[in-house]
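Q: structure for this input, please:
(2 chains)
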Amino acid sequence: MVREAEPSLNEKQFVLRALKDGLRTDGRRPYDFRSIQISFLSEYGHVQIQLGRTRVTRVSAKVTAEVVRPRPDKPTEGLLLFNTEISPMASPAFEIGRPSEEEVLISRTIEKALRRSRAVDTEGLCIVAGEKVWSIRVDLHFFDHEGNLVDCASIAAITALLHFRRPDVTVIGEEVTIHPMDQRNPVPLSVHHIPICVSFSFFADGELLVVDPSIIEEQIREGDMTIAMNIHKEICALSKAGGIPLEMDQIIRCSKIATTKTAEITELIQKALADDKAQRQSK
Amino acid sequence: MTSDLKVVLPGDLISVNNESDESSMNVDDDVPLVRLGPGLTQVQEDIVSMKAGVLKHQDPGNKWWLESNQRRYVAATGESVIGIVVARLAEYYRVDIGGAQAAILPVLAFEGATKKNKPNLVPGTLVYARISLANKDMEPELQCFNPSSGKADGYGELKGGFVIRCSLGLCRRLLNPETPILRFLGEHFPFETAVGMNGRIWVNSENPQYTILLANAVKNSEYLSEAQCKAMVESLIDKL
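A: Model prediction:
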């Protein structure tokens, strides 16, 4: 199957009618995010994020680090790579080896939000200038698709980066020693700020908007927009790929919603990280 | 229906003739007819399971089939499904029923349809239909009437309402009158449902608020006990 079957006319009409009354088909209000569950796996930097309860969107992120030679034009900067893998496991509409337009948009948005906003200090990943730097790779796997993969993936990626610990290194002259994890405590990455993506979908010529669209809302929406923002109210990326044109005040309204959502989600991530740290120390 | 549970794994040989049957087989020549349902197949002389599940048997008609929970629908003759019309062709509609292939619904397979008088369904319409033919290597065929009476019997176009998608196991349970969730909901407000065996449930009520409540209550009920279902329905009603 190449394409997900379109929802029926009955469903389209029902979703729009309910939205006019301020109701959504999963019982949420238009500005509600689904519940976010963050679970850490045994290794550092391996995180699974779940949006929703019964039907969920599930993304896992795994961070790995290796020592490589830096790019000749940027000898003092480490590398940060994102790799997205959307398999047919998430939804039969996805195919292996042929990234759909949606998939490309997701990985582009994640890159823009996390790398180009300089969320991770790449200069701090340098070991010996021009010789050795850390290459940090974030693998994103999409397990279940119930709408809004972008937000889920961005939360997964940044949480994994915050959770990750790389082996410590000492440099004496030209000699580089990488200490295994069991000999010396591994060190966290220096993350400057936490960008969070918040997606919106627009209906009825932009009159109606919802936050964190479900899959059916994504299928029938007229336009969409994703704002990546951090807790300092800085917009790190804004993606508006097609769809209906929006009024300026609408974009401002969306960014105000994004501010509150970002604050909530950041708090949630930090609480989850603190809980996990306490749990790991007690072991 | 037999009450004891027999769990089988893929590839298990299934003996459908018990001792008493076999002795009677030797006496008179006519071999008892065995009907195989979903999950079972015949390999030469043997009957083999194709998936893991609980073996079920129904005495009238000597029917055997496997029950298990999955999310991907595999068409089987005689099951009622909810489909979405994808395309209209000269002789038939192409209908998405959530399986590997789209199904075919002939334009004459409606109650009282003739060459001159046939229903007109636009793409996107929801239909409640019965699978009249399901072979492994062919597109399944649908019909919108009951073949024993020739009447519509509730089959046909579904108007309004909303569709929820769930596991096939939940659909099967909802068709069992002992499943409590629909009864609990019915105590609070009137509604209509049509349960398709393909993991789609159509729900409708007089206002969207009730329909949404209905949809969420049914989806949540999958792994809840009777008491938990009742509590969940009460709490959802209280929130209205």
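Q: residues in chain B within reach of chain A, list them.
A: Residues of chain B that fall close to chain A, judged by Cβ under 8 Å from any Cβ of the partner chain: B:84, B:86, B:96, B:98, B:100, B:122, B:124-126, B:158-163, B:165, B:202, B:208-209, B:211-213, B:215-216, B:219-220, B:222, B:236. From N, CA and C alone the C-beta is placed, and that goes for glycine too.
Q: now do 7 Å
A: When proximity is defined as Cβ under 7 Å from any Cβ of the partner chain, chain B approaches chain A at B:84, B:96, B:124-126, B:158, B:160-163, B:208-209, B:212, B:215-216, B:219-220.
Q: can you flag the buried ones in the residues you listed?
A: B:84, B:96, B:124-126, B:158, B:161-163, B:208, B:212, B:215-216, B:219-220 (16 or more other Cβ atoms under 10 Å in any protein chain shown).
Q: let's see which of the residues you listed end up in helices.
A: Residues of those located in helices (DSSP state H): B:208, B:212, B:215-216, B:219-220.
Q: name the spans of chain A whose pLDDT lies under the cut-off.
A: Applying pLDDT under 70 to chain A flags residues A:1-5.
Q: got the contact list for B:Lys219?
A: A:54, B:164, B:166 (Cβ atoms under 7 Å, 6 or more residues apart in numbering or on different chains).
Q: ah, wrong one, I meant A:Gln37
A: Going by Cβ under 7 Å, 6+ apart, A:Gln37 touches A:Gln50.
Q: surely A:Phe142 touches A:Ile86?
A: Yes: taking contacts as Cβ atoms under 7 Å, A:Phe142 lies within contact range of A:Ile86: 4.6 Å.
Q: quick check: the gap between the residue lying closest to B:Met197 once chain neighbours are set aside and chain A.
A: Closest residue in space to B:Met197, ignoring its immediate chain neighbours: B:Glu79 at 4.1 Å, by Cβ to Cβ, 6 or more residues apart in numbering or on different chains. Separation of B:Glu79 from chain A (Cβ to the nearest Cβ, to the nearest Å) stands at 19 Å.
Q: what pLDDT is listed against the residue most central in space within chain B?
A: Closest to where the C-alpha atoms of chain B average out (Cα atoms, centre = their mean) is B:Met197, at 2.3 Å. Per-residue pLDDT puts B:Met197 at 92.
Q: which element, helix or strand, includes it?
A: Counting by DSSP states H and E, no helix or strand carries B:Met197.
Q: one more: the one 4 residues further on?
A: Counting by DSSP H and E, the secondary-structure element that holds B:Ile201 is strand B:200-204.
Q: counting contacts, what elements does that strand pack onto?
A: Applying 3 or more Cβ pairs under 7 Å, 6 or more residues apart in numbering or on different chains; DSSP states H and E, one finds that strand B:200-204 makes contact with strand B:162-165, strand B:192-195, helix B:208-220.
Q: partner strands of that strand, with direction?
A: Applying DSSP bridges to the sheet, strand B:200-204 is found paired with strand B:162-165 (antiparallel), strand B:192-195 (antiparallel).
Q: following the helix or strand bottoming out on mean pLDDT in chain B, which helix or strand comes up?
A: When each helix and strand of chain B is scored by mean pLDDT, DSSP states H and E, helix B:19-27 comes last, with a mean of 45. Proceeding N to C from helix B:19-27, the next assigned helix or strand is strand B:35-36, under DSSP H and E.
Q: quick check: mean pLDDT across that next one?
A: Strand B:35-36 comes out at a mean pLDDT of 86.
Q: how about stretch B:161-181?
A: 89.
Q: so which bits of it are buried?
A: By 16+ other Cβ under 10 Å, the buried positions in stretch B:161-181 come out as B:161-166, B:168-174, B:180-181.
Q: mind listing the strands in the stretch 151-283 of chain A by residue range?
A: Taking DSSP state E, counting those that start in this stretch as the test, the strands found in the stretch 151-283 of chain A are A:165-166, A:169-172, A:175-178, A:187-188, A:196-203, A:208-211, A:223-229, A:235-239.
Q: low-confidence bits of chain B, can you list those?
A: Within chain B, the segments meeting pLDDT under 70 span B:1-3, B:17-31.
Q: and it, what are its domains?
A: Domains of chain B are assigned by automatic domain parsing as B:7-67, B:80-158, B:162-239.
Q: who wins for proximity to A:Arg166 among those domains?
A: Nearest to A:Arg166, of all these, is domain B:162-239, at 40.4 Å by Cβ to Cβ.
Q: what about the closest one, how long is it end to end?
A: End-to-end distance for domain B:162-239, by Cα to Cα, to the nearest Å: 21 Å.
Q: repeat that for stretch A:141-158.
A: Start-to-end span of stretch A:141-158 (Cα to Cα) is 14 Å.
Q: backbone dihedrals for B:Val222, please?
A: Let me fix one detail, which is that residue B:222 is Glu and not Val. Dihedral angles phi and psi of B:Glu222 (degrees, to the nearest 10) take the values phi -50, psi -50.
Q: chain B contacts on the stretch 151-283 of chain A?
A: Counting by Cβ under 7 Å from any Cβ, the stretch 151-283 of chain A has no residue next to chain B.
Q: need the strands of the stretch 151-283 of chain A in a markdown table with mean neighbour count, can you?
A: Shown next, in a markdown table, are the strands of the stretch 151-283 of chain A (neighbours: other Cβ atoms under 10 Å in any protein chain shown):
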| stretch | mean neighbour count |
| --- | --- |
| strand A:165-166 | 19 |
| strand A:169-172 | 11 |
| strand A:175-178 | 12 |
| strand A:187-188 | 14 |
| strand A:196-203 | 25 |
| strand A:208-211 | 21 |
| strand A:223-229 | 24 |
| strand A:235-239 | 19 |
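Q: distance to A:Ser60 for those - can I get that in CSV?
A: Shown next, in CSV, are the strands of the stretch 151-283 of chain A (distance: least, Cβ to Cβ, whole Å):
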stretch, distance to A:Ser60
strand A:165-166, 18
strand A:169-172, 28
strand A:175-178, 26
strand A:187-188, 20
strand A:196-203, 17
strand A:208-211, 23
strand A:223-229, 20
strand A:235-239, 22
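Q: which element is A:Asn10 on?
A: helix A:9-20.
Q: my error: substitute A:Thr54 in the last question.
A: Using DSSP H and E, A:Thr54 falls within no helix or strand.
Q: mind putting the domains of chain B into JSON lines with distance to A:Leu162?
A: Putting these into JSON lines (distance: least, Cβ to Cβ, whole Å) gives the following:
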{"stretch": "domain B:7-67", "distance to A:Leu162": "41"}
{"stretch": "domain B:80-158", "distance to A:Leu162": "40"}
{"stretch": "domain B:162-239", "distance to A:Leu162": "33"}
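Q: wait, isn't B:Leu40 in contact with B:Lys51?
A: No: using Cβ under 7 Å, B:Leu40 makes no contact with B:Lys51, being 9.2 Å away.
Q: neighbour count winner among these two?
A: B:Leu40 (22 against 16; other Cβ atoms under 10 Å in any protein chain shown).
Q: now the residue in the stretch 51-200 of chain A that chain B sits nearest to: closest residue in space that isn't a chain neighbour?
A: The nearest approach of the stretch 51-200 of chain A to chain B comes at A:Thr54, 5.1 Å away (Cβ to the nearest Cβ). In space, and not counting its chain neighbours, A:Thr54 is closest to B:Lys219: 5.1 Å by Cβ to Cβ, 6+ apart.
Q: report the central residue of chain A.
A: Among the residues of chain A, the one closest to the centroid is A:Ser154, at 0.7 Å (Cα atoms, centre = their mean).
Q: ok, that residue to A:Ala160 distance?
A: 11 Å (Cβ to Cβ, to the nearest Å).
Q: give me the residues contacting stretch A:237-246.
A: Contacts for stretch A:237-246 (Cβ under 7 Å, 6+ apart): A:105, A:109, A:112-113, A:117, A:202, A:205-206, A:222-228.
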